[in-house]
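K.L.:
predicted model, plus sequence, below.
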Amino acid sequence: MTTAPMHILMTVNAAWNVWNFRRPIVEALIADGHRVTVLAPADDSVADLEGIGCRFLPLEMNVKGLNPLQDLKLMQRFKRVFWSERPDVVLSYTIKNNIFGAMAAKACNTPFIPNVTGLGTAFLSGGLLQTVAEGLYRKAFAPLSHVFFQNYDDRDLFLERRLVQSKQTHLLPGSGIDLERFSVAEYPTETKVPVFLMIARLLRDKGVLEFVEAARLVKAKHPDARFQMLGAVDAANRTAINSTTVQSWQDDGSIEYLGTTDDVRPHIAAAHCVVLPSYREGAPRTLIEAAAMARPLIATDVPGCRSVVENRVSGLLCEVRSGESLAAACLSFLGRSLEEQTAMGRAGREKMETEFDQALVVQAYRDAITSEILRKEDVLTA
């Protein structure tokens with residue numbers, strides 16, 4: 001097993017992604033004595049990353065859509081960085097970084113470990129866009145020995161479409177969860193006004209429209225019920241909900257928009273149930289965080305969500321793209337006793353403790369990095 005200090009480069013489509021979701025891996029690698037460089041579009045998280053010992057390199061990229069000319073330029077940028085930086089291994093997240101980073105890494109003979117954190121709009125839209133995306137994945141991932149997935153459904157889909165081979169695939173419990181930071185929060189029994197909280201970027205693919213529809217249906221029977229949304233508006237995504245629409249929902253009393261925050265824990269602690277009606281997920285961070293804090297969950301019965309929510313045990317699953325089904329799940333939750341609701345929260349916490357501890361993710365990356373380095377050494381000495 002190699003223990004020599006290495007230069008590890010991490011690439012993703014936004015610096016905040018590393019700060020919010022990959023920080024335990026970064027901190028562990030730095031603690032192991034490795035040098036970590038983050039390659040991503042710059043944002044307000046850069047100073048935070050540098051503060052924990054990362055070096056940051058800005059990456060120019062368009063995170064939306066498939067534009068052949070722009071994506072070819074992106075691949076060339078990856079090549080230039082890989083040639084100049086000479087990292088021992090590259091850890092990659094998000095679609096374009098995975099695909100075009102992998103292609104560049106092959107040209108530079110650089111070990112590359114992608115993490116399929118979700119399939120995105122390309123796999124939800126079908127048609128030509130999905131066909132193109134699958135072809136790119138198939139070509140990019142063909143030479144790789146490690147491809148991480150965050151749920152069985154995404155892995156099985158890649159295998160079914162022959163985008164990867166079984167021996168390449170490895171499963172992770174999302175990004176893991178810091179069980180000390182996201183500790184059990186006392187259930188809010190001081191008020192009988194139920195609070196349903198949705199934490200997500202305000203995108204149609206996250207089920208925002210269904211959440212609003214469900215809020216209206218539930219409020220018709222329980223006028224005091226509160227439906228809150230926490231997350232960024234006008235995100236750089238084709239399915240983003242604009243701020244004017246969100247304001248109109250607030251004005252008619254359908255939802256309460258809470259804006260954004262650097263710490264979701266107080267909002268989770270104040271909620272009775274955390275909701276995510278997403279169309280598809282990799283491993284939904286907000287559900288994992290809420291479960292760790294012992295909050296019951298309501299989510300769609302789709303890949304990613306059903307890996308976190310155990311139906312009728314730690315929460316309830318509903319039909320995708322159906323505000324009526326989501327409303328029915330919310331009403332079913334409201335019809336349960338306080339003891340039943342808190343039991344769901346406890347079951348979710350137990351699942352996080354046994355399956356989603358971030359230590360499992362950190363060790364999986366350590367093992368994969370060691371394997372890649374030894375594999376490269378074997379090739380060089382053969």
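P.N.:
It's in.
K.L.:
can you give me the strands for the stretch 1-150 of the chain?
P.N.:
For the stretch 1-150 of the chain, applying DSSP state E, counting those that start in this stretch gives strands covering 7-11, 35-40, 55-58, 89-93, 112-116, 147-149.
K.L.:
can you pull out the helices in the stretch 251-382 of the chain?
P.N.:
Along the stretch 251-382 of the chain, the segments classed as helices by DSSP state H, counting those that start in this stretch run 265-270, 285-292, 305-308, 323-334, 338-355, 358-381.
K.L.:
now residue 74: how far from residue 24?
P.N.:
Going from residue 74 to residue 24 by Cβ to Cβ, to the nearest Å gives 28 Å. No exception for glycine: its C-beta is placed from N, CA and C like everyone else's.
K.L.:
how near is residue 33 to residue 6?
P.N.:
For residue 33, the distance to residue 6 - Cβ to Cβ - is 9 Å.
K.L.:
ok, the two, which is more surrounded?
P.N.:
Each of residue 33 and residue 6 has its neighbours counted (other Cβ atoms under 10 Å); residue 6 has more, 18 against 10.
K.L.:
ok, the nearest residue to that one once chain neighbours are set aside to residue 146 distance?
P.N.:
Excluding its sequence neighbours, the residue lying closest to residue 6 (Cβ to Cβ, 6 or more residues apart in numbering) is residue 88, at 4.0 Å. Here residue 88 is placed at a distance of 14 Å from residue 146 (Cβ to Cβ).
K.L.:
the more surrounded of the two?
P.N.:
residue 146 (22 against 19).
K.L.:
correct me if wrong: that one contacts residue 102.
P.N.:
No - counting by Cβ atoms under 8 Å, residue 146 stays clear of residue 102, with 11.1 Å between them.
K.L.:
ok, which stretches of the stretch 101-250 of the chain are helices?
P.N.:
Under DSSP H, counting those that start in this stretch, the stretch 101-250 of the chain gives helices at 120-125, 127-141, 152-160, 208-221, 243-251.
K.L.:
where does pLDDT dip in this structure?
P.N.:
Along the chain, segments meeting pLDDT under 70 span 1-3, 65, 120-125, 234-236, 379-382.
K.L.:
highest mean neighbour count out of the helices of the stretch 101-250 of the chain?
P.N.:
helix 208-221 (a mean of 20; mean count of other Cβ atoms under 10 Å).
K.L.:
what's in contact with that one?
P.N.:
196, 198, 200, 202, 225, 227, 229, 241, 249, 253-255, 275, 277, 321-324, 326-327, 330-331, 334 (Cβ atoms under 8 Å, 6 or more residues apart in numbering).
K.L.:
the residue nearest to residue 274 when sequence neighbours are not counted: how many residues sit nearby?
P.N.:
Nearest residue to residue 274, sequence neighbours excluded (Cβ to Cβ, 6+ apart): residue 290, at 3.7 Å. Using other Cβ under 10 Å, residue 290 has 36 other residues around it.
K.L.:
quick one: residues contacting residue 290.
P.N.:
Applying Cβ under 8 Å, 6+ apart, the residues contacting residue 290 are 197, 199, 268, 271, 274, 297, 348.
K.L.:
most neighbours of all those, which one?
P.N.:
Counting by other Cβ under 10 Å, top hit in the contacts of residue 290: residue 274 with 30 neighbours.
K.L.:
fine by me, we can end here.
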